[in-house]
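Engineer: Next one to model:
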Amino acid sequence: MAQNCAKAHKIFDSFLTLIESADLMLSDRRSNFLSFTS
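Structural biologist: Alright, predicted model coming up:
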């Protein structure tokens, strides 16, 4: 049971990391777009 929980936590952790990096990329692209349009 504890092993399963740890595995799920690791998956959730990597999922959060993925979301964070995607968010960074999006905000980076957004600022690039804003500087390009202005």
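
Engineer: C-alpha from now on. contacts and neighbour counts both.
Structural biologist: OK.

Engineer: Would you map the helices across the chain?
Structural biologist: Taking DSSP state H as the test, the helices found in the chain are 2-37.

Engineer: for it, which spans come out with low pLDDT?
Structural biologist: Applying pLDDT under 70 to the chain flags the ranges 1, 38.

Engineer: can we see that at 50?
Structural biologist: The model of the chain has no residue with pLDDT under 50.

Engineer: what about Leu34, distance to Ala2?
Structural biologist: From Leu34 across to Ala2, the span is 47 Å (Cα to Cα, to the nearest Å).

Engineer: So which of the two has more stuff around it?
Structural biologist: The neighbour count for Leu34 versus Ala2, taken as other Cα atoms under 10 Å, is higher for Leu34 (10 against 7).

Engineer: Number of residues surrounding Glu20?
Structural biologist: Neighbours of Glu20 (other Cα under 10 Å): 12.

Engineer: what about it, distance to Thr37?
Structural biologist: In terms of Cα to Cα, Glu20 sits 26 Å off from Thr37.

Engineer: cool, Leu16 as well?
Structural biologist: Noted for Leu16: a distance of 31 Å to Thr37, by Cα to Cα.

Engineer: Leu26 too?
Structural biologist: 16 Å.

Engineer: Who has more neighbours out of those two?
Structural biologist: Neighbours per residue, other Cα under 10 Å: of Leu26 and Thr37, the larger number sits with Leu26, 12 against 7.
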